[in-house]
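Colleague: this one's structure only:
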């Protein structure tokens, strides 16, 4: 039964991941055609801030909820309603802070006044993103993957339609207005996602008064998982958030123009990295299916089964990742031309393609650490990897090698984090068996 559940969940998530990845690629292609390299560059300058704020607002609650529901030892409805108020309070605090610091962030840190409107637009989207993530994690914990897949696909279809219709209208008002519109499309898409998730709730579901009561012990246990998870995501997102700030300041200092920085950063973040990480939908699907399986297996002390499933996940990830990386390294011009109608970023892609093989197995390893309650070990890896990446990004950027500083520092981070997590997972599973 366990085997059937894992395979079924993985297949559903792979199909859904393929569809959402394909739709995501189409969205990026449409955006690049409608807004150009400079528009994509502006969007990519703001995107790290968006990712950082999403990580802060979610506060690791989705991961904690999914793990605790998978263990099946609590009143799941009461657990859900104990965590929703915490999420709401966190969102209110963070949104208020962002509204205050948005001008400073845009003008003084990103050195791009056109980033102000998009940053303010993010505030409107955050509560909806947090709510949909929590609802998805509820279904993940119950190993019901279809609601997640359906909501994600619908969400991307709606965003695509809105971007096709809206960007040509708003781009005449300025690139910042067009990018702001792209961010605000998440309001409609997230609302549609939430409605779909509600549709998948059991028809005979009843919520009693006691289910709505806040349970302090549930919240405390969930926060014990979510705080390290949040710290890990926060540090990773903060490093990602610092990336354009360090690049713009360091490269400007050594003589590069603002136009060069925005355009080249757009090429790497908007074209090269999405293409290189295209197969990651496969590994993400595996890791999402893996988390509840390993969580239940380790709580029941079935460590051999957990180890077997992890090996399967890594093996399948490499089976997809290695050929994909090989093709992208050998034929970068073909794929960039086919998908983005450009040959910009060919040299970057050739260098990064072999490194991304390691990136593909990070998700299963990270999911395994979360499932075993070892999020703190993942936190250590994230801290060290982010420090390595940020330090070398600054050093390399000052050497006047253009965007290669970003390429080299990213590679160092991937190599270190992957091998560190692999070592910790192997050691932890071995110790639990003894």
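Modeller: Sure, I can see it. Just so it is clear, the model here is predicted, and its values are computed rather than measured.
Colleague: so where do the helices sit in the stretch 201-350 of the chain?
Modeller: 209-212, 216-253, 258-267, 273-276, 280-299, 303-330, 332-340, 346-360 (DSSP state H, counting those that start in this stretch).
Colleague: equivalent analysis for the stretch 1-150 of the chain, please.
Modeller: Counting by DSSP H, counting those that start in this stretch, the helices of the stretch 1-150 of the chain are 2-58, 61-71, 76-104, 116-141, 146-170.
Colleague: closest to residue 423 out of the ones you listed?
Modeller: With Cβ to Cβ, the closest approach to residue 423 among the helices of the stretch 1-150 of the chain belongs to helix 61-71: 21.8 Å. Every residue, glycine included, has its C-beta placed from N, CA and C.
Colleague: against residue 338, how distant is residue 122?
Modeller: 32 Å (Cβ to Cβ, to the nearest Å).
Colleague: again, but for residue 398
Modeller: In terms of Cβ to Cβ, residue 398 sits 36 Å off from residue 338.
Colleague: give me the more crowded residue out of these two.
Modeller: Neighbour totals were compared for residue 398 and residue 338, and residue 398 leads with 14 against 10 (other Cβ atoms under 10 Å).
Colleague: who touches the nearest residue to that one once chain neighbours are set aside in this structure?
Modeller: In this structure, residue 398 finds its nearest non-sequential neighbour in residue 250, 5.5 Å apart by Cβ to Cβ, 6 or more residues apart in numbering. Shown in contact with residue 250 (Cβ atoms under 8 Å, 6 or more residues apart in numbering): 393, 394, 397, 398, 405.
Colleague: please check these and keep the buried ones.
Modeller: With burial judged by 16 or more other Cβ atoms under 10 Å, the buried subset of the contacts of residue 250 is 393, 394, 397, 405.
Colleague: and the two most separated of those residues?
Modeller: 394 and 405 (8.1 Å).
Colleague: pLDDT score for residue 384?
Modeller: For residue 384, the pLDDT comes out at 89.
Colleague: host element of it?
Modeller: Assigned by DSSP states H and E, residue 384 belongs to helix 375-397.
Colleague: which elements pack onto that helix?
Modeller: Using 3 or more Cβ pairs under 8 Å, 6 or more residues apart in numbering; DSSP states H and E, the elements in contact with helix 375-397 are helix 216-253, helix 362-371, helix 404-433.
Colleague: tabulate the ones you listed (CSV), appending mean pLDDT.
Modeller: Output for those, formatted as CSV (pLDDT from 0 to 100):
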stretch, mean pLDDT
helix 216-253, 78
helix 362-371, 80
helix 404-433, 86
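Colleague: just the ones you listed: most buried one?
Modeller: helix 362-371 (a mean of 26; mean count of other Cβ atoms under 10 Å).
Colleague: so, low pLDDT: which residues of the stretch 101-250 of the chain?
Modeller: The stretch 101-250 of the chain contains residues with pLDDT under 70 at 202-206, 209, 211, 229, 233, 237.
Colleague: what comes up buried for stretch 105-113?
Modeller: Residues 105, 106, 109, 110, 111, 112 are the ones in stretch 105-113 that count as buried (16+ other Cβ under 10 Å).
Colleague: could you check how far residue 332 is from residue 28?
Modeller: 17 Å.
Colleague: which one's more surrounded, the two?
Modeller: residue 332 (23 against 19).
Colleague: next up, the contacts around the more buried one.
Modeller: Residue 332 touches 345, 346, 349, 350, 353, counting by Cβ under 8 Å, 6+ apart.
Colleague: quick one: which of those residues is nearest residue 35?
Modeller: Residue 35 lies nearest to residue 345 out of the contacts of residue 332, by Cβ to Cβ, at 16.9 Å.
Colleague: give the contact list for the closest one.
Modeller: 267, 268, 271, 272, 332, 336.
Colleague: from these, which one has the minimum pLDDT?
Modeller: For the contacts of residue 345, the pLDDT minimum is residue 271, 83.
Colleague: list the contacts of the nearest residue to residue 400 once chain neighbours are set aside.
Modeller: Nearest residue to residue 400 in three dimensions, chain neighbours excluded: residue 254, at 5.0 Å (Cβ to Cβ, 6+ apart). With contact set as Cβ under 8 Å, 6+ apart, residue 254 has these partners: 397, 398, 400.
Colleague: about what we covered before: which stretch among the helices of the stretch 201-350 of the chain comes nearest residue 384?
Modeller: For the helices of the stretch 201-350 of the chain, the distance to residue 384 is smallest for helix 216-253, at 9.7 Å, taking Cβ to Cβ.
Colleague: surely residue 248 touches residue 261?
Modeller: Yes - using Cβ atoms under 8 Å, residue 248 is in contact with residue 261, at 5.6 Å.
Colleague: for the closest residue to residue 329 other than its chain neighbours, what are its contacts?
Modeller: Nearest in space to residue 329, with sequence neighbours left out and distances taken as Cβ to Cβ, 6+ apart, is residue 353 at 3.7 Å. By Cβ under 8 Å, 6+ apart, residue 353 lies in contact with 276, 325, 326, 328, 329, 332.
Colleague: please name the nearest non-neighbouring residue to the fourth one.
Modeller: In this structure, residue 328 finds its nearest non-sequential neighbour in residue 353, 4.6 Å apart by Cβ to Cβ, 6+ apart.
Colleague: for residue 10, see how far away residue 335 is.
Modeller: Applying Cβ to Cβ, the value for residue 335 to residue 10 is 26 Å.
Colleague: OK, contacts around the nearest residue to residue 177 once chain neighbours are set aside?
Modeller: The shortest distance from residue 177 to any residue other than its chain neighbours is 4.9 Å, reached at residue 170 (Cβ to Cβ, 6+ apart). By Cβ under 8 Å, 6+ apart, the residues touching residue 170 are 177, 178, 180, 181.
Colleague: do the same with residue 10
Modeller: Residues near residue 10 by Cβ under 8 Å, 6+ apart: 285, 286, 289.
Colleague: residue contacts, the second one?
Modeller: Applying Cβ under 8 Å, 6+ apart, one finds that residue 286 lies in contact with 10, 13, 14, 313, 316, 317, 363, 364.
Colleague: now residue 90
Modeller: By Cβ under 8 Å, 6+ apart, the residues touching residue 90 are 56, 57, 59, 130.
Colleague: list just the nearest of the residues you listed to residue 142.
Modeller: Using Cβ to Cβ, residue 130 comes nearest to residue 142 of the contacts of residue 90, at 19.8 Å.
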